[in-house]
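S.K.: Whatever this is, show me its structure:
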Amino acid sequence: MKAILSSLLVLLFALPSQARLGETLKELKRRYGQPINAENAKETHTTHYSFYWEQYVIEVTLEEGRSVSEQYTRQNRRDFSLQEVRLLLEESSPGLAWTQVDGSNWKQQDRVATWTGKALVVQEKQRAR
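M.R.: So this is what the prediction gives:
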């Protein structure tokens, strides 16, 4: 029990550094440092960046210079708990409530999120269609 509580406390203090939709590459670099990988997708006119941050791998898709999709996984590839997913969602868009649609999907006015166990993807609604 103490280990779980300690893990949640560490997560709570770590979350303020999570990426947020709409951020630029400059803002992302300020949060995480230099990306570990960058890839251009000419057919979709997007750029994909990967960052290591603490225990996470964060993969961000930029379109027209702004983040439109973010995928969170753990470096050790372990599953996220539901409570951790909720904390990540809350931090990804401070002040905006998420509505859980079903066991693995959430929505906001202009964003959706999907949890697959090992990954959480937060993106603009128009990208999810």
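S.K.: make it CA atoms for all contacts and neighbour counts henceforth
M.R.: Fine.
S.K.: Run through this structure and note the low-pLDDT ranges.
M.R.: Applying pLDDT under 70 to the chain picks out residues 1-19, 128-129.
S.K.: where along it do the helices fall?
M.R.: For the chain, the helices defined by DSSP state H occupy 2-14, 25-32, 82-92, 125-128.
S.K.: which residues are in contact with the shortest one?
M.R.: In other words, helix 125-128. The contact list for helix 125-128, computed with CA atoms under 8 Å, 6 or more residues apart in numbering, reads Val68, Ser69, Asp110, Arg111, Val112.
S.K.: would you turn those residues into CSV with neighbour count?
M.R.: Listed next are the contacts of helix 125-128 as CSV, based on neighbours: other CA atoms under 10 Å:
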residue, neighbour count
Val68, 23
Ser69, 25
Asp110, 9
Arg111, 19
Val112, 23
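S.K.: hmm, which two among these are most spread apart?
M.R.: Greatest spatial distance among the contacts of helix 125-128 (CA to CA): Ser69 and Asp110, at 12.1 Å.
S.K.: Now do the shared contacts for the two.
M.R.: Contact with both Ser69 and Asp110 is made by residues Glu124, according to CA under 8 Å, 6+ apart.
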